[in-house]
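Asker: Could you work out the structure for the sequence below:
(2 chains)
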Amino acid sequence: MKDVHSVKIAVNGRLHEIDVESRRTLADVLRHDLGYTGTHLGCEHGICGACTVLVDGLAVRSCLAFGVQADGREIETVEGLESGGQLNSLQEAFSAHHALQCGFCTPGFLMLATALLREKLDPTEEEVREVMSSNLCRCTGYQGIIEAVLDAAGKNRGTEAVDGAVSRETAEDRVEGVSLLREAGDHTQ
Amino acid sequence: MKPAAFEYRRATAVEDAVDQLTELGDEAKLLAGGQSLVPMMNFRLVRPSALVDVAGIPDLQYLEPHDGRGLKIGALTPHRWVEEMEDPELLEGFSVLKRAARWVGHYPIRTLGTFGGSIAHGDPSAEWCLLAALLDAEVVAVGSGGERVIPASDFFHGFFMTALEPDEMIVEVRFPQPAPNAALQEFARRAGDYAIVAAAVTLDMEDGKCRSARVVLGGVADVPLRVPEAERVLEGADVGREAFEEAGREAAKVVDPPSDVQGTSEYRRDLSAVMVRRALEEAAGDVG
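Answerer: Numbers count the residues shown, from 1 in each chain, chains lettered A, B, ... in the order given. Below is the predicted model of the structure:
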């Protein structure tokens, strides 16, 4: 007998109400149930970090969380970074510094860097290296990724929020997402 | 891979979690941050019949002074909070926890993973398990029989085996005594992986002499392993590299570590000597 739960989750500010089986990981919920295939799945046991998304603003490996745990929470995926077809400054920096080749790991790295740059407006190179060492990239040798994140941090230093589209454009959407959940009731931790 | 099917429940309070564990039987497990449990489920190394999600239980996330000089940590406190600990009063005696936090998994693991969860998991190379053993921590658990306090020395029974009963939940971990001269050092092939060998030490020093010391090793046995032979080398010795190397050699001599894909027994023994020496050097230089 399947253990199915009805969950409400907001993804990039858009509210979804779906039934998920308890064993379904958040990564599979995002990809298969909701179509956010920008989130990639590599190892499925928390080593590679390709599936990193933000849950209530925190970097989380979506293969190590169950969809049912995301009930009442706000998810941000790589699809939420651009706005109106424009890459945000972090994505531009990845492009400029050749921080990707095959692109498989890129969504995870982008979301990881987004979490870091929101937490620390002006991280040191050591902090960037420490946090970015969470994820695996088999193409670039990481140097371009480190440079891109440092560049994106520098570009935004002391000015507006660092993570481009998500915080710029969807700050209101995100609040709206929460209020949608709240209105729908049952907004628990 | 995908985990086997299980029943998902949510607990709203500690008593609720205990009631549900009692009802569901010992095939059920608690789910906190899930950063050790879920990978094991994905590998199907474990197949719990049910998970009781305790992450939403309020008031179990804190780092606070305990009984004057000690520190108490709520079971659901994320590793990241320990890493970001800034209260100077707490740091004075417990900066070792903050310094060791960077060894705990990776950044995204530290945002979700919890202090109590790591202790309950009981991995013999895990940083918090080592420090609990090193610093005589007390594990506060609540079960159907009420609350009890388990000394760390009685808590770890073997690989992923602890003194916890199937219906018990950790609510708090207490560190009764400050440890200003303590350190943890470890080696893993890749940043954030579990340590192949880890060493945690404390030093009590006076006038350049070591009055007493404690040495605990991880990754060399099925529990965090105290090494009294290495501690005896340090007692009364002059603080310095010579004594630290000797303590490391003594530790390497007495441990009997397992061989696995990460390294042979011999390699672990060599690493033990180096990790003990490095940890002692850090502890000696650490004044707060």
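
Asker: What are the buried residues along stretch B:9-24?
Answerer: Applying a neighbour-count criterion of 16 or more other Cβ atoms under 10 Å in any protein chain shown, one finds B:9-11, B:14, B:17-18, B:20-21, B:24 buried in stretch B:9-24. The C-beta positions use only the backbone N, C-alpha and C, and glycine is treated the same way.

Asker: Convert the C-alpha atoms of it to CSV, please.
Answerer: Extracted in CSV, the C-alpha atoms of stretch B:9-24 (Å, rounded to 0.1, in the frame of the first residue of the first chain):
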residue,chain,number,x,y,z
ARG,B,9,4.6,10.6,10.2
ARG,B,10,5.1,13.9,11.7
ALA,B,11,5.6,14.6,15.4
THR,B,12,4.6,17.9,16.9
ALA,B,13,6.3,17.3,20.3
VAL,B,14,8.8,15.1,21.9
GLU,B,15,6.1,13.1,23.8
ASP,B,16,4.3,12.7,20.5
ALA,B,17,7.4,11.3,18.8
VAL,B,18,7.9,8.8,21.6
ASP,B,19,4.3,7.8,21.5
GLN,B,20,4.5,7.2,17.7
LEU,B,21,7.8,5.2,18.1
THR,B,22,6.1,3.1,20.7
GLU,B,23,3.1,2.5,18.5
LEU,B,24,5.1,1.8,15.3
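
Asker: among the buried residues of stretch B:9-24, which are in reach of chain A?
Answerer: With Cβ under 8 Å from any Cβ of the partner chain as the criterion, the buried residues of stretch B:9-24 include residue B:10 near chain A.

Asker: from the buried residues of stretch B:9-24, which ones fall inside helices?
Answerer: Taking DSSP state H, the ones among the buried residues of stretch B:9-24 that sit in helices are B:14, B:17-18, B:20-21, B:24.

Asker: Could you list the low-pLDDT ranges of the chain?
Answerer: If you meant another chain, say so; for now it's chain A. Along chain A, the model assigns pLDDT under 70 to residues A:156-189.

Asker: meant chain B actually
Answerer: In chain B, residues with pLDDT under 70: B:286-288.

Asker: quick check: domain ranges of it?
Answerer: By the assignment in automatic domain parsing, chain B contains the domains B:7-53, B:63-175, B:182-285.

Asker: same deal with chain A?
Answerer: Looking at automatic domain parsing, the domains of chain A come to A:4-80+A:167-183, A:89-156.

Asker: that older thread, closest one to residue A:79 out of the ones in helices among the buried residues of stretch B:9-24, please.
Answerer: residue B:17 (35.8 Å; Cβ to Cβ).

Asker: right, and the domains of chain A - which one's nearest residue B:126?
Answerer: So among the domains of chain A, domain A:4-80+A:167-183 is nearest, using Cβ to Cβ, at 14.7 Å.

Asker: Give me the distance from that closest one to the chain's centre.
Answerer: Relative to the chain's own centre, domain A:4-80+A:167-183 is displaced by 9 Å; criterion: Cα atoms, centre = their mean, to the nearest Å.

Asker: hmm, it in reach of chain B?
Answerer: Yes: Domain A:4-80+A:167-183 reaches chain B (Cβ under 8 Å from any Cβ) through A:5, A:21-23, A:25, A:28, A:44-46, A:49, A:52, A:58-61, A:63-66, A:68-69.

Asker: Among those residues, which lie within helices?
Answerer: residue A:28.

Asker: quick one: which of the ones in helices among the buried residues of stretch B:9-24 is nearest to chain A?
Answerer: residue B:24 (12.3 Å; Cβ to the nearest Cβ).

Asker: picking that back up, the residues of domain A:4-80+A:167-183 next to chain B in strands, which ones?
Answerer: Among those, the residues falling in strands (DSSP state E) are A:5, A:21, A:52, A:58-61.

Asker: which of those residues has the most neighbours?
Answerer: Greatest neighbour count in those, by other Cβ atoms under 10 Å in any protein chain shown, goes to residue A:61: 35 neighbours.

Asker: So that residue sits against residue A:52, correct?
Answerer: Yes: contact criterion Cβ atoms under 8 Å: residue A:61 and residue A:52 qualify, at 5.8 Å.

Asker: a helix runs through residue B:221, doesn't it?
Answerer: No: assignment of residue B:221 by DSSP: H, G, I helix; E, B strand; the rest coil gives coil, placing it outside any helix.

Asker: what about it, neighbour count?
Answerer: 19.

Asker: Quick one: the strands in the chain, in order.
Answerer: The chain I'm using is chain A. Taking DSSP E to define them, one finds strands in chain A at A:4-11, A:14-21, A:52-55, A:58-61, A:74-76.

Asker: Not quite, go with chain B.
Answerer: Ranges of strands in chain B, per DSSP E, are B:7-10, B:28-31, B:50-53, B:63-66, B:70-74, B:138-143, B:146-151, B:156-158, B:161-162, B:169-175, B:182-187, B:197-206, B:209-218, B:225-226.
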